[in-house]
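Novice: turn this into a structure:
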Amino acid sequence: MPEYIDLTHIHTDDMPVYPGDPCARLYQTSWIKENGFSDHIIEGGMHVGTHMDAPLHMIESGKLISDLRIDQFKGRGLLINARGKTKIEPDILTPYTLCKGDVILIWTGWDKKFGTDQYYKDWPYFTEEFCDRLVNADIAMVCMDTPGPDLDAPFPAHKLLLKRQILIVENVTGLETLQDKENYIIHAYPPKYMADAAPVRVFAEIL
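Specialist: Coordinates of the predicted model:
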């Protein structure tokens, strides 16, 4: 049997959100004992918890989540150790070989702050030069255990990546579980929303 490792934060009623975004809610509206069935309602923006950014998030006339092909949601995983870095620069890629279609995982350990006041303050961010290296390697997707590749506007990393159809997955967790794994496929499947982003279930399939 293949081994699977979940890299997704659990979506709860008290999910932390990016500063300025609307609060997220997940609450029960029906109960088996009272109504004969269970039901829940979810409210909030698309950029909550572990989620995927489609090009329309930052690129005028870019693709929606619902425009993306299913085969774009998986690829060979490559874990990049970025722990201890305040900014992610291209020299960090020196020990690695990036291939077309790869899913790059940026491991900073920042996910351990998720749910605290520190999570959305001064997280490690991508330089434009680092993004250029990812673009030139023609990767398919980049996942990170931080709130995003940029600290603030004008969001250059987002724009460089999304302009070249490189999908961005933010707020993953548990990347340390992959440090001793050699071969795996990363899967990241969002619902087919007509939106610029969507929640996503991210997991590694160990080969």
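Novice: let me see the contact set for residue 64.
Specialist: 54, 56, 193, 194, 195, 196 (Cβ atoms under 8 Å, 6 or more residues apart in numbering). No exception for glycine: its C-beta is placed from N, CA and C like everyone else's.
Novice: and the first one, what pLDDT?
Specialist: As summarised for this prediction, residue 54 has a pLDDT of 98.
Novice: wouldn't it be in contact with residue 68 here?
Specialist: Yes - using Cβ atoms under 8 Å, residue 54 is in contact with residue 68, at 6.2 Å.
Novice: neighbour count winner among these two?
Specialist: Between residue 54 and residue 68, residue 54 has the larger neighbour count (other Cβ atoms under 10 Å), namely 26 against 18.
Novice: contact partners for the more buried one?
Specialist: 62, 63, 64, 65, 67, 68, 162, 167, 195, 196, 197, 198.
Novice: surely the first one touches residue 56?
Specialist: Yes - applying Cβ under 8 Å, one finds residue 62 in contact with residue 56, separated by 4.1 Å.
Novice: quick one, phi psi at the residue nearest the centre of the chain?
Specialist: In the chain, the residue lying closest to the centroid (Cα atoms, centre = their mean) is residue 169, at 1.9 Å. Backbone torsions for residue 169, taken as degrees, to the nearest 10, come to phi -120, psi 120.
Novice: bridged to it, which residues?
Specialist: residue 52, residue 143 (DSSP bridges).
Novice: between residue 62 and residue 56, what contacts are shared?
Specialist: residue 196.
Novice: just give the closest residue to residue 62, not the sequence neighbours.
Specialist: Among residues not flanking residue 62 along the chain, residue 55 sits closest, at 3.0 Å (Cβ to Cβ, 6 or more residues apart in numbering).
Novice: contacts only, for that neighbour.
Specialist: Applying Cβ under 8 Å, 6+ apart, the residues near residue 55 are 62, 63, 162, 163, 165.
Novice: for the protein, which segments count as helices?
Specialist: Remark: helices assigned in the chain by DSSP state H are 32-35, 128-137, 156-163.
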